[in-house]
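Enquirer: test case, fold it:
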Amino acid sequence: MYFMPKKKKILELEENPKERIMETALRLFYNQGYNNTGINQILEESKTFKLSFYNYFSSKENLGIEYIKRKEKSFLNMMKRIMKSHTEYKKFIHIWIKLVKKDILKSQYNGCPFVNIALQTFGKEESFKPHIKMMIKRWKTLLSNYLILNYFLPKEEAERKSGLVLQIYEGAVQLFIATGNIDYINELEENLKQVVSKRSSEL
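Expert: From the prediction side, this is the model:
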């Protein structure tokens, strides 16, 4: 995995107001919520003029859509890297949930960004819904293809199991966020592992 050198990244952010705005929005929308983040705070923390903001984003809503797209790209790329390195389902699940627990320990985990923004803007920002639906569809397809490729499952069964993975994961995460009870996350790994037991070739 390639990481951009810190100095280069800092220079690029200094030279690119759009990226400064985007980096700040990614952090604030996730950490404190979309509704609790105003454009003025984003401008202040990104050290950007309002004119620059509207050169790149027509509104906060437009910035929110870009936030969803950026979070989707980052999340799905992470999933792809784990899947590529671990063709065994249980190992893939272990590494995925290990990363979640790591972020929780570092106080960097605030739940699923897609469900969060959907709940925060329910009935308000309807333009977000198609993007979130598409993200969920791509996530489910990615999981389905992984199961088809590595476990030789029929497409219908792979899609059903992928949907179950999403339901179990999102349910546990939302319960953890609502209660702060880490048991929901500790039990999540084992519950996800039970969705797929063995490779079809081993049955």
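
Enquirer: ramachandran angles for Tyr109?
Expert: phi -120, psi 120 (degrees, to the nearest 10).

Enquirer: pretty sure it contacts Leu99?
Expert: No - in this structure, Tyr109 is not within contact of Leu99 by C-beta atoms under 8 Å, at 9.4 Å. C-beta coordinates here come from the backbone N, C-alpha and C atoms, glycine included.

Enquirer: buried residues, the helix or strand Leu76 falls within. List them.
Expert: Assigning secondary structure by DSSP states H and E places Leu76 in helix 60-85. For helix 60-85, a neighbour-count test (16 or more other C-beta atoms under 10 Å) marks 60, 63-68, 70-72, 75, 79, 82-83 as buried.

Enquirer: repeat for stretch 29-40
Expert: For stretch 29-40, burial by neighbour count (16+ other C-beta under 10 Å) applies to Phe29, Tyr30, Tyr34, Thr37, Ile39.

Enquirer: same question, stretch 134-148
Expert: For stretch 134-148, by 16+ other C-beta under 10 Å, it's Met135, Ile136, Trp139, Lys140, Leu143, Ser144, Tyr146, Leu147, Ile148.

Enquirer: what's the closest of the residues you listed to Leu192?
Expert: Of all these, Leu143 has the smallest distance to Leu192: 10.7 Å, by C-beta to C-beta.

Enquirer: and that closest one, what does it touch?
Expert: Residues near Leu143 by C-beta atoms under 8 Å, 6 or more residues apart in numbering: Met79, Ala158, Lys161, Ser162, Val165, Leu166.

Enquirer: could you look up the SS state of it?
Expert: Per DSSP: H, G, I helix; E, B strand; the rest coil, the secondary structure class of Leu143 is helix.

Enquirer: could you check the distance from it over to Leu99?
Expert: Look at Leu143 and Leu99: by C-beta to C-beta, to the nearest Å, they are 16 Å apart.

Enquirer: show me the buried residues of stretch 134-148 that map onto helices.
Expert: Judged by DSSP state H, helices contain the following of those: Met135, Ile136, Trp139, Lys140, Leu143, Ser144, Tyr146, Leu147, Ile148.

Enquirer: surely Glu187 meets Ala172?
Expert: Yes - the pair Glu187 / Ala172 is scored as a contact, 7.1 Å apart, by C-beta under 8 Å.

Enquirer: what helix or strand is Phe114 located in?
Expert: Secondary structure from DSSP H and E places Phe114 in helix 113-120.
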